[in-house]
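Trainee: here's my sequence, what's the structure:
(chains A and B)
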Number of protein chains: 2
Amino acid sequence: MKILLTNDDGINAPGLYALYTEMIKAGDVVVVAPDSEKSAVGHAITLSDPLRVTPFYKNDHIFGHAVNGTPADCVKLAYWALEINPDIVISGINLGSNTGINILYSGTVSAATEGMFLDIPSIAISLTTFHEPDFRFAAKFARHLSAIVMDHGLPKGTLLNVNVPAIPEEEIEGIEITRQGHANYQEKFDKRIDPHKRVYYWLTGTKIELEQDDEVDDRAIINKKISITPVQFDLTNYQFMDELKSWKFEL
Amino acid sequence: MKILLTNDDGINAPGLYALYTEMIKAGDVVVVAPDSEKSAVGHAITLSDPLRVTPFYKNDHIFGHAVNGTPADCVKLAYWALEINPDIVISGINLGSNTGINILYSGTVSAATEGMFLDIPSIAISLTTFHEPDFRFAAKFARHLSAIVMDHGLPKGTLLNVNVPAIPEEEIEGIEITRQGHANYQEKFDKRIDPHKRVYYWLTGTKIELEQDDEVDDRAIINKKISITPVQFDLTNYQFMDELKSWKFEL
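Mentor: Here you go, the predicted model:
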């Protein structure tokens, strides 16, 4: 099995390394990842600037290819320029959850989306904490899941978005197949004054009003389950198309 | 009517100005837009850096607020920090189409998405050319459509993604309510050598294998029609959830 790994926390992130140490037990691993942290970049791609690929070393060995671009760039570049043609793409392990409407902002998910566009089975995987992360179980689960996915295949245009609760392995109560939550955010911008007396703003303090439904991704995490959401990228609201056709648009 | 305008081509883009000159006929316009071009940024938001807001002048008058962030940042900041509470958000007029899977990469659409998350009726509008754009008809149509949208309202969690063919007004053959096309891209990276003999790559030459279906957004444009796609942001593949539940996941 040829495995392409990437992430959005950058090629030196511990979550990627934990994933790497597990996945090398399953096949040939190639790492192509951003040279620095690219969280919340959404599905950004780099059109206006050149991309460079640099070998990235760990312990005197080349660990992977560092790219001065986004997670989506990494997968595009790996496939089209570096001619890496993997059997599976795994993006992660992300530091912090990627659930609900947050998956629209997620570089981790965007990389898996690029794999999906190439008709390669693709998985995004995240650990739901920012504090003292232990990626080992999530990495083990990624390996396990990748074998299952290779067995079954995934429908065209669908990836798996996986969130693993940041609790000890023995406390995890199984797996839930989930849907993307719809809860909106309560945003807050800190208004501050810089040393030169100029105003700046810093995005902070998001709060979710979570849905109660057990099938919601975030709810699975609260219930100590691994959340697996099948994600596709047709954004059309088909239900609303008919009503929209009845509107009078004449200028 | 209080109208918030933004875009991803930057606050000085002609497409935004064309939209502005029409929309001021319809109500009170506030412009909050990126201080520079932010195309293909996807749904990026700025978490790691401070955001600044600078008055942007045109002809000795303040035209709007320039933000050193992404289109999504602009809408969040307008609402939560600048306390602008518009009746409608319009993002555009983008230089170049936003159709098919491209809408995932689109800063223009991401700004409208932020309006939608705030439960404000939101429209993304694009002109389907990069060459010698004439935004006047698209701007007129934006004003017309905004009145219709204010009349009808939009379903919660749905925005309108509008693409206007770049042809003379009299050649436009009406409006098509469309779905997002699914066609994949054929990417190409130009491999080049810089003056210091280092390799770099530049993303280029995308080609669509377009679906034939007249309801596809890009097909409407070819048919000289204005494409209006209702866009929502639940990415769950509900059809596949049941099959996924039947998989054996035990470790």
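
Trainee: strands of the stretch 1-150 of chain A, start to end?
Mentor: A:2-6, A:28-34, A:53-58, A:61-67, A:88-95, A:122-127 (DSSP state E, counting those that start in this stretch).

Trainee: I meant to write the stretch 151-251 of chain A there.
Mentor: Going by DSSP E, counting those that start in this stretch, the stretch 151-251 of chain A shows strands at A:158-164, A:175-177, A:185-193, A:199-208, A:226-232.

Trainee: would stretch A:226-239 count as contacting chain B?
Mentor: Yes. Judged by C-beta under 8 Å from any C-beta of the partner chain, stretch A:226-239 and chain B are in contact via A:228-238. C-betas here are computed from N, CA, C, even on glycine.

Trainee: mind naming the longest helix for chain A?
Mentor: helix A:136-152 (DSSP state H).

Trainee: strand A:88-95 and that one, what's the angle between them?
Mentor: With axes from the mean of the first three to the mean of the last three C-alpha atoms, to 10 degrees defining the directions, helix A:136-152 sits at 160 degrees from strand A:88-95.

Trainee: next, the angle strand A:2-6 makes with helix A:136-152.
Mentor: Angular relation of helix A:136-152 and strand A:2-6 on a 0 to 180 degree scale: 140 degrees, by the same axes, to 10 degrees.

Trainee: show me what counts as buried in helix A:136-152.
Mentor: A:137-143, A:145-146, A:149-150 (16 or more other C-beta atoms under 10 Å in any protein chain shown).

Trainee: equivalent analysis for stretch A:233-251, please.
Mentor: So, applying 16+ other C-beta under 10 Å, buried residues of stretch A:233-251: A:233, A:235-237, A:240-241, A:244.

Trainee: contacting residues for the residue lying closest to A:Lys248 once chain neighbours are set aside?
Mentor: In space, and not counting its chain neighbours, A:Lys248 is closest to B:Ile148: 7.6 Å by C-beta to C-beta, 6 or more residues apart in numbering or on different chains. The neighbours of B:Ile148, taking C-beta atoms under 8 Å, 6 or more residues apart in numbering or on different chains as the test, are A:247-249.

Trainee: run the last query once more with 10 Å
Mentor: Counting by C-beta atoms under 10 Å, 6 or more residues apart in numbering or on different chains, B:Ile148 touches A:247-250, B:160.

Trainee: please flag which of the residues you listed sit within helices.
Mentor: Per DSSP H, the subset of those in helices is empty.

Trainee: hang on, the earlier thing: can you tell me which of the residues of stretch A:226-239 next to chain B is nearest B:Asp8?
Mentor: In terms of C-beta to C-beta, no member of the residues of stretch A:226-239 next to chain B lies closer to B:Asp8 than A:Leu235, at 17.2 Å.

Trainee: neighbours around the residue nearest to that closest one when sequence neighbours are not counted, how many?
Mentor: Residue nearest to A:Leu235 in three dimensions, not counting chain neighbours: B:Val231, with 4.7 Å by C-beta to C-beta, 6+ apart. B:Val231 has 25 neighbouring residues, counting by other C-beta atoms under 10 Å in any protein chain shown.

Trainee: ok, A:Ile101 next?
Mentor: A:Ile101 has 20 nearby residues by other C-beta under 10 Å.

Trainee: that one contacts A:Leu210, doesn't it?
Mentor: No. Applying C-beta atoms under 10 Å as the test, A:Ile101 and A:Leu210 come out as separate, 11.8 Å apart.

Trainee: who's in contact with A:Arg143?
Mentor: Here A:Arg143 is in contact with A:3, A:19, A:21-27, A:90 (criterion: C-beta under 10 Å, 6+ apart).
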